[in-house]
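Give me the fold of what follows.
(2 chains)
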Protein chains: 2
Amino acid sequence: MNIVVQKFGGTSVRNLECQRQVMQKVLRPYREGNKVIVVLSAMSGETNRLLALADEWSDTPDAAEVDSMVSTGEQVSCALFAMLLKQQGVKARSVLGFQAPIQTDCAHGKARIVSIDETKLVDMLKEYDILVVAGFQGCGDDMRITTLGRGGSDTSAVALAAAIDADVCEIYTDVPGVFTTDPNMCSDARKMDRVAYDEMLEMASMGAKVLQIRSVEFAKKYNVTVHVRSTFTDELGTIVTKEDETMEAVLVSGIAYDKDQAQITLVHVQDKPGVSAQIFSPLAEEQVLVDMIVQSPSKDGKTDMTFTIPRADMKQTIKTLEKLQYEIGFEELNSNPNVSKVSIIGVGMRNHSGVAARAFQALADENVNILMISTSEIKVTCLIDDKYTELAVRTLHKAFHLEDGEPL
Amino acid sequence: MNIVVQKFGGTSVRNLECQRQVMQKVLRPYREGNKVIVVLSAMSGETNRLLALADEWSDTPDAAEVDSMVSTGEQVSCALFAMLLKQQGVKARSVLGFQAPIQTDCAHGKARIVSIDETKLVDMLKEYDILVVAGFQGCGDDMRITTLGRGGSDTSAVALAAAIDADVCEIYTDVPGVFTTDPNMCSDARKMDRVAYDEMLEMASMGAKVLQIRSVEFAKKYNVTVHVRSTFTDELGTIVTKEDETMEAVLVSGIAYDKDQAQITLVHVQDKPGVSAQIFSPLAEEQVLVDMIVQSPSKDGKTDMTFTIPRADMKQTIKTLEKLQYEIGFEELNSNPNVSKVSIIGVGMRNHSGVAARAFQALADENVNILMISTSEIKVTCLIDDKYTELAVRTLHKAFHLEDGEPL
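Numbers count the residues shown, from 1 in each chain, chains lettered A, B, ... in the order given. Sure, this is the predicted structure:
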């Protein structure tokens, strides 16, 4: 049994006309003799409408009840789409999270998929040719409805593809695929034919919104080939898959950026054992995502600690740390809300040297000052003044010849 | 564990303000130390909105998908109401049909409750003080969502009360209780304190819309005491219960009517064995509900057949029978779309004679001509010209002194 998994977002199913277009995409693999699992989101606007109701009803709406309520969005869109297919004479039915069943933990609002019982799905696929599965939702041990968090339908699709060993998981979206960088920033941005899981993870973590990060983790873990493509054309998009030799031949695959960053520096921190924990544990407790951390070499028993955080968390972070000034023992707290991160990403870096140096030189040639640097195996990130973000993205894109896609 | 079941309709839960009022009703038995099971309908208008979507999507929407979709109405209202209770510090949660579970057959859109597993409900009642159960919905063997048909929330409530052996099942509605007749027809109509299951069944089948007929059948079968009362006041309503001596002392409990009737007469039907089946089987196949049937005494091997049907089915009925004129062998088909049924109902009739005669005399005194008569153990129905409906209802109400509620 050849199985294709397809996922469509809320915009694609927002009304009858859109659903008819989606149906054409779904009928293509069906007519080629495949069984199809279609994963749908709620019609666009519906989840927000329901969340607004919850907020009207309660200051602190119970998370389990919110899940039970917002999951109705997918319940409706899937039932409607299944009707449409049945009207065409296709053997189809909707499948809700508890029916699949998609078992999750009980962390309402941000549940994680624990297991999917493929035997039930296989049974259903014997009786039906197309299953219309509600994305974003699952079911806890206690049979209560859970949701996977925003963008969770991507994860639903990849998890179903993994469970049922599908040939491919197609994620339909409003862009043609994954680009070497944000086309709004850089007109030379080029759609990639293929991208490695790890590259995609780094891009997603830097705010590329094509795929939800957890769905990429899932795809990597279970080796699911994901095809990100456009709802509006029949052109091929980008294949997200495990890295191979051709990918490794390319030094840099893409440029990512994140403009919503702030930089904090604690000046003249007492350099004693445990001081890092004293600084970062209180921030972790408040769910502040600290990213780049640089500790300057110690001098006279004192050091400077610099790190980045999401800009939205800056006020809270300053407040928290100032309260602990005496305890931590720093002299001054400096903050800069006008910084952004720019990264070059590529699995090819693993085997090549000089990539970082070339990036620094390119930025220097354009007089872009680098405030901080952090590197990983497949990524080099520079913190810069955010007014240079666009310039830096374009410069790096050009420096690594990303516009033509040829290995360097 | 003392348990009270309460049911509220769509108008009562249509917005936050209304739900707050409902909450006061729910908190009363809770504060008196009872566990409460609240059964809710969808917020008013929601079920129709969803059904309209289904009709937009498909000419013949799949019944199972419609069920999955319309059941979201209750899912939302229950989640919101549970949030409200939790906000008050009450241990409460919503319970969907598949969670209770309320097992039904698989007749989507008009499913019947097969069983309710009280052990799960009892377990939940140990953990929670108030369960907010979605009315109208259940779950088939195949784990698909079913609905019980319009007004099914009444049945949900009574079935839950039966399963869990509740002390009382309170059905809250927009009227103060069950009346001796329609107050819009007869200003002397009086709210009854008590009414027997069988009387209620006859009234419901005649179009009294206070309780769904199936819920009364359920209540009778499992001997559930139902209290029909107003959402808007704290006054006692009407207790629907098994008949007792005081009820039997009353000859007639109420007057019901149904204005949407039509009368069909087949003139000079060949009086041969099997002719009734020839007439009524084709109508049954088309789901036409034939009610009163009178066959006149045979003369020269011919007879007249007269019966009533819902007015909406008249055209179809005439068409069907005219096609079979040769086969059945009748000379003429007469129809009258302007008739209505008026009934006197009372368990007291079982033990008293002369009730029918008194009714006929009262109508005769007002020059209301009776077109047909049918009687059951606890009901006498007269078919009359529908322009006399109101007069007939008032006349009979007065003839049996229903305005003062004293046994005759």
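
And chain B, is stretch A:27-41 touching that?
No: taking CB under 8 Å from any CB of the partner chain as the criterion, stretch A:27-41 and chain B are apart, separated by no less than 12.8 Å. In short, each C-beta sits where N, CA and C put it, glycine included.

Give the buried residues for that stretch.
If you call a residue buried by 16 or more other CB atoms under 10 Å in any protein chain shown, then stretch A:27-41 has these buried ones: A:29-30, A:34-41.

any idea which element the closest residue to chain B within the stretch 251-400 of chain A lies in?
At 23.2 Å from chain B, A:Gln287 is the closest residue in the stretch 251-400 of chain A, using CB to the nearest CB. Using DSSP states H and E, A:Gln287 falls within no helix or strand.

Give me the subset of the buried residues of stretch A:27-41 that lies in strands.
A:35-40 (DSSP state E).

got a markdown table for those residues, with pLDDT too?
Output for those, formatted as a markdown table (pLDDT from 0 to 100):
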| residue | pLDDT |
| --- | --- |
| A:Lys35 | 97 |
| A:Val36 | 98 |
| A:Ile37 | 98 |
| A:Val38 | 98 |
| A:Val39 | 98 |
| A:Leu40 | 98 |
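
Just to check, A:Val342 is in contact with A:Val393?
Yes: under the criterion of CB atoms under 8 Å, A:Val342 makes contact with A:Val393 at 6.1 Å.

related to what we said a few turns ago, looking at the ones in strands among the buried residues of stretch A:27-41, which is nearest B:Ile113?
A:Leu40 (30.6 Å; CB to CB).

is it true that the closest one touches A:Val132?
Yes: A:Leu40 is within contact range of A:Val132, at 6.4 Å (criterion: CB under 8 Å).

Could you tell me which residues touch both of those two?
Counting by CB atoms under 8 Å, 6 or more residues apart in numbering or on different chains, the contacts common to A:Leu40 and A:Val132 are A:78, A:81.

Give me the distance from stretch A:46-56 to the chain's centre.
Stretch A:46-56 sits 23 Å away from the centroid of its parent chain (CA atoms, centre = their mean, to the nearest Å).

And the contacts of the least confident helix or strand in chain A by mean pLDDT?
Lowest on mean pLDDT, DSSP states H and E among the helices and strands of chain A sits helix A:245-249, with a mean of 81. When contacts are defined by CB under 8 Å, 6+ apart, helix A:245-249 is touched by residues A:194-196, A:199, A:253, A:347-348, A:350-351, A:407.

Among those, which are located in strands?
Reading strands off the contacts of helix A:245-249 with DSSP E, I get A:194-196.

Can you tell me which of these lies closest to chain B?
Using CB to the nearest CB, A:Val195 comes nearest to chain B of these, at 36.8 Å.

what sits against the residue lying closest to A:Val288 once chain neighbours are set aside?
Nearest residue to A:Val288 in three dimensions, chain neighbours excluded: A:Asp313, at 4.6 Å (CB to CB, 6 or more residues apart in numbering or on different chains). A:Asp313 is in contact with A:262, A:286, A:288-289, counting by CB under 8 Å, 6+ apart.

Alpha carbons of the helix or strand containing A:Ile264, in CSV - could you do that?
Using DSSP H and E, A:Ile264 sits in strand A:254-270. Written as CSV, here are the backbone C-alpha positions of strand A:254-270 (Å, rounded to 0.1, in the frame of the first residue of the first chain):
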residue,chain,number,x,y,z
GLY,A,254,21.2,29.6,3.6
ILE,A,255,21.2,32.8,5.5
ALA,A,256,18.9,33.2,8.5
TYR,A,257,18.2,36.2,10.7
ASP,A,258,16.3,37.2,13.8
LYS,A,259,15.6,40.9,14.3
ASP,A,260,13.8,40.6,17.6
GLN,A,261,16.9,40.4,19.9
ALA,A,262,18.3,42.3,22.7
GLN,A,263,21.8,42.2,24.3
ILE,A,264,22.5,42.4,28.0
THR,A,265,25.9,42.9,29.6
LEU,A,266,26.7,42.5,33.2
VAL,A,267,29.9,44.6,33.9
HIS,A,268,32.5,43.5,36.4
VAL,A,269,30.8,40.4,37.7
GLN,A,270,32.6,38.7,40.6
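
Can you tell me the strand partners of it and which way each runs?
Using DSSP bridges, the strands paired with strand A:254-270 are strand A:302-310 (antiparallel), strand A:332-345 (antiparallel).

tell me which residues in the last one are buried?
Using 16+ other CB under 10 Å as the burial criterion, the residues of strand A:332-345 that qualify are A:333, A:336, A:339-345.

could these go into TSV alongside pLDDT?
Output for the buried residues of strand A:332-345, formatted as TSV (pLDDT from 0 to 100):
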residue	pLDDT
A:Leu333	95
A:Asn336	96
A:Val339	96
A:Ser340	95
A:Lys341	94
A:Val342	95
A:Ser343	94
A:Ile344	95
A:Ile345	94
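
can you give me the helices in chain A?
Per DSSP state H, chain A carries helices over the ranges A:16-31, A:46-57, A:63-70, A:72-87, A:118-127, A:152-164, A:197-205, A:213-222, A:245-249, A:275-285, A:314-323, A:325-328, A:355-365, A:389-399.

Lowest mean pLDDT across those helices, which one is that?
In terms of mean pLDDT, the lowest-scoring of those is helix A:245-249 (a mean of 81).

Kindly list the main-chain dihedrals of the residue at the greatest distance from the centre of chain A?
No residue in chain A sits farther from the centre than A:Asp300, which is 43.5 Å out by CA atoms, centre = their mean. Backbone geometry at A:Asp300, expressed as degrees, to the nearest 10, gives phi 50, psi 40.
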